[in-house]
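>>> Kindly return the folded structure for what I paste below:
(chains A and B)
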Amino acid sequence: MTELFLIARVAGRTVAIPTQQVGSVVDLGEVIAVPLTERAVRGLTALRSRVVTVIDTHLALGLPAEPGPIEAGRRAVITRIDGHDYAVLVDALEDVAPFERLPLSLGLALDGGWRAAAAGLVERDGEPMLVLDLSVLVPQPLAA
Amino acid sequence: MDDLLQEFIAETRETLEALAGEIVAWEADPNDRARLDAIFRFVHTVKGSCGFLDLPRLGRLSHAAEDVLAAVRDGQRIPDLSLVNAVLAIVDRIGEVVEAIDGGTALDDSADDLLIAALSPDAAPAGQVSQGSAPRAASRSVRLSVDLLDRMMSGMSDLVLARNELARRLRDGMADPSVEASLDRLSLTLAEMRDTVTRTRMQKIEALFSAMPRLVRDTATELGKQVHLAIDGADVELDREMIELMRDPLVHIIRNAVDHGIEAPDRRRALNKPAAGRLAISARQSGNQILVEIADDGAGIDLARLLAKAAAQKLHDPAELARMSEAERLDLVFHPGLSSRDSVNAVSGRGVGMDVVRNNIEQIGGRIALRNRPGEGLTIAIHVPLTLSIISTIVVGVGDQRFAVARQSIDEIVRTSGAGIRIDRVGDAALATVRDRRLPLVALGQLLGLTDAPPQVLAIVATRDGDYALGLDAVLDTEELVVKPAAPAVMATGVYAGQTLPDSGLPMLLLDGSGIAAVAGLRFAAPAVGDEEQAGAVDAGVPALLFDDLDGQRRAVALAAIDRVEQVRHEAVRRTGGQLRLSCGETIVPLHAVAPVEDCDGITVLRLTDGAAELAYAVVEPIDIVTLPTRLAPPAAPGLIAGVAMLGGEQVEVIDPYQLFATLAAPATAARPLCLLQGDAGGWMDTFLRPAIEASGYACVSRLAPGESAAVALAMEGAGDPDPAAVGAPVVRLRTQPAARGPADDSVYRYDRVALIAAMNACGVAQ
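Coordinates of the predicted model:
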């Protein structure tokens, strides 16, 4: 069974994001910082009349932070999790295409962040790509 | 009252429509408990509403149906065909009567008795008595789905943002005056529109409270009770949907309070309570929630009877009930079909109320909490989220960021440069003095890690526990904002109450005043100082010398402790034997200096004496003799500073001479009486006891050197029984338990410092 995936580049890798998780794809406006919150939360931005929380994908994956501030016009994938809208930063967007999801059974030694967020593999013309589960990237406080 | 009637009609009509399916399903399967409950709730709600809307006819019908349904619930009646038919006929009739009320037409009530009679067990199956529905009247109001309102609201916000964008472009492009005029008109219309759209959602909670006095009066009269009702916070604004959903729960709770809670006047008099019960309803905004409290001074919930009922109805087995905590037991009140009251009357029901109440509250994301004081009353607190509430806020600037603060949480805003405003570092905390009020200061920029610049503006924030000053860079604006909850990771910080999108189009966070106090570690447990009463007490205070200390702080010390003030040469001060000492003539006096004195030319010292010992305190210069207020703000930690006093609008640290002498002018160890610590196996005596005893003037040893003799010996209970003769000193025994074992027990509880020292001193004297 094939699903639709959004192919994006995140932290130097090509990943596939299931389109059911994607609300829309946007160019971000100005991001307002949120002091004291988790590092992966880069801030808030306005999307028409909604406020969305911007997630730094690098930090959410446990990678070193992206250098420099978020420029206006940065691309992001909007996803809605537990009634809140999040903008997950991506480096670039490539394509939307149907793929068959393969299980992650190759004995891949993924690191912490990637391992948690990986929800399978897809293959595009022989190039394997991780399926990224956006809901894992959104930090959830334990006590919530 | 017309409004209420309209509400009732609309609601009943709506429930009836929803209930139609349930009724058919119940008819098909009369043993279906869930369907039965739904129908039961319907007639119960109608009965409740009829009580205060004064609709006796509907009340009679619904009461009769409720009785029968309760019997079915309790298993006393079998829901056979004739019973189901009779109940359904009543439900239909309720619908007809409601339509008739709405249309203002008369409906013959002769058939009502037939319908009610049909409910009795031995009734013959009732014929069709419905008289056909009356024509529906055109309604003046429409019910809208909240989704639609939501879309309208966000469309409105988008419109405002688009307007702002347009205005910006026009400003940049030097627009035609006529275009600007059109834009102005657009803005005006938009503003009005927005107001209207906003109002469609928001309503003062007054709309909910206004019906309460009548409800309470009627209910109380019916029951022959007297109730004083106090309503507070009626102007708190709440989502219209929330108000709708809270109406029923509130009515139930208040009826319960009057019926079950508040006792009859005779009983109250017997209990030494005023004959009239008190019922207080209040609403207030607290953080990102609205809190509605209903407090009565009645009997409270009888937990024992509640448990007995739960056991009788086999809701839980007795062992389970016995294991329950008090809170869990109290929770039984919310169980469907359980009521702590035995009798049933027209006012409140058979426990149907509280489960419905909790359902409704939880439906809107709220929660309900009970505070039971048996014999003294019950307080029911309903928390509902602030979602979509409009808050009047003050927009503040910190660093280069903006935040909103709820206006009602701010008492006052002052500039730090203003007269009568001071900021001091006291210990490692900051203290703001606003006129004569001392408040802990939280610099928001520092707390949030945005800026280290000293605050320019102080906002006095009132929380439920106490007030504090919030240090800000600027106060920018006031704005009415629609606040929504932020993402969980953002809310988890504890300092935000929500997020909002103001007209600027940039998101903004709403600060939570109580949360900030908690995150900053403020504790308001100590009674607040700086009340007006302090001003009157100043004259009775202690005279003290005010001086500038070496570190630039202004301090004071009680005049009685000062022998004289003198100038000494720099060479007279030396650091010898680990501390500063001042040589004066033939003697050496310990010197206290808060900062290095080496740089000074001539030094001014205060010569302090306690009558026996002497010491010196280096200062820059004495200033004045003042009278200390009797009440001092306590220091963060005990030490050299006894407290902070308010003198002439300034904060002055008051030196504790006792502490000075205790640390500097302690008598030499050699002169101290010896205390022998006997059998200190675990080292407790050495670690815990020794400092306390040495501070009281004893020297402690765990073994006597040859030739030494102890003045007193301490022994732990159970560590053998040392013979006073062998030790050569009287023995004080320590016990580990606070309570003595009997009248003959002369041991001392080991943590009772006062008694211990007294016992030791008594031994010393006896010797």
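>>> buried set for stretch B:472-489?
For stretch B:472-489, a neighbour-count test (16 or more other C-beta atoms under 10 Å in any protein chain shown) marks B:472-473, B:475, B:479, B:481-489 as buried. To be clear about C-beta, it is placed using only N, CA and C from the backbone, and glycine gets the same treatment.
>>> restrict those to contacts with chain A.
Here is what survives when the buried residues of stretch B:472-489 are matched to chain A using C-beta under 8 Å from any C-beta of the partner chain: B:Lys484, B:Pro485, B:Ala486, B:Ala487, B:Pro488, B:Ala489.
>>> right, and the pair among those residues with maximum separation?
B:Lys484 and B:Ala489 (15.2 Å; C-beta to C-beta).
>>> Okay, now the unreliable bits of chain A?
A:106, A:141-144 (pLDDT under 70).
>>> could you show me where the helices are in it, in order?
Counting by DSSP state H, chain A has helices at residues A:57-60, A:112-117, A:134-137.
>>> before we move on, what about the stretch 551-700 of chain B?
B:657-664, B:684, B:690-695 (DSSP state H, counting those that start in this stretch).
>>> Including mean neighbour count, mean pLDDT and distance to chain A, could those go into a markdown table?
Conversion of the helices of the stretch 551-700 of chain B to a markdown table gives the following (neighbours: other C-beta atoms under 10 Å in any protein chain shown; pLDDT from 0 to 100; distance: least, C-beta to the nearest C-beta, whole Å):
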| stretch | mean neighbour count | mean pLDDT | distance to chain A |
| --- | --- | --- | --- |
| helix B:657-664 | 16 | 79 | 38 |
| helix B:684 | 15 | 76 | 39 |
| helix B:690-695 | 16 | 77 | 40 |
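>>> Let me have those in CSV, extended by distance to B:Arg267.
Formatted as CSV, the helices of the stretch 551-700 of chain B follow (distance: least, C-beta to C-beta, whole Å):
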stretch, distance to B:Arg267
helix B:657-664, 57
helix B:684, 57
helix B:690-695, 55
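>>> Where does pLDDT dip in the stretch 601-750 of chain B?
Low-confidence segments of the stretch 601-750 of chain B, defined by pLDDT under 70: B:601, B:665-672, B:679-682, B:707, B:718-727.
>>> of all of it, which residue lies closest to chain A?
Chain A sits closest to B:Ala636 of the stretch 601-750 of chain B, with a gap of 23.8 Å, by C-beta to the nearest C-beta.
>>> and the residue nearest to that residue when sequence neighbours are not counted, what is it in contact with?
Closest residue to B:Ala636 apart from its sequence neighbours, by C-beta to C-beta, 6 or more residues apart in numbering or on different chains: B:Gly427 at 4.0 Å. Counting by C-beta atoms under 8 Å, 6 or more residues apart in numbering or on different chains, B:Gly427 touches B:Pro635, B:Ala636, B:Ala637.
>>> any idea which of the helices of chain A is most buried?
Most buried of these by mean neighbour count (mean count of other C-beta atoms under 10 Å in any protein chain shown) is helix A:57-60; its value is a mean of 23.
>>> Please name every helix or strand in contact with it.
The contact analysis (3 or more C-beta pairs under 8 Å, 6 or more residues apart in numbering or on different chains; DSSP states H and E) places helix A:57-60 against strand A:84-89.
>>> So what touches the strand it packs on?
Strand A:84-89 is contacted by residues A:23, A:26, A:28, A:42, A:45, A:47, A:50-58, A:60, A:66, A:70, A:74-80, A:134, A:137-138, B:485-488 when judged by C-beta under 8 Å, 6+ apart.
>>> could you dump the contacts of B:Gly427 to CSV with neighbour count?
As requested, the contacts of B:Gly427 are exported to CSV (neighbours: other C-beta atoms under 10 Å in any protein chain shown):
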residue, neighbour count
B:Pro635, 18
B:Ala636, 12
B:Ala637, 8
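>>> Out of those residues, the closest to A:Met1 would be?
Distances from A:Met1 to those, taken by C-beta to C-beta, are shortest for B:Ala636, at 65.8 Å.
>>> Hmm, that closest one is touching B:Leu431, no?
No. Using C-beta atoms under 8 Å, B:Ala636 is not in contact with B:Leu431, being 9.6 Å away.
>>> Please enumerate the helices of the stretch 201-350 of chain B.
So, for the stretch 201-350 of chain B - with DSSP H, counting those that start in this stretch - the helices run B:206-209, B:212-223, B:240-256, B:265-270, B:303-312, B:318-323, B:326-331.
>>> Direction-wise, compare the longest one with helix B:212-223 and give the angle.
Spelled out, it's helix B:240-256. Angle, helix B:240-256 to helix B:212-223, by axes from the mean of the first three to the mean of the last three C-alpha atoms, to 10 degrees: 20 degrees.
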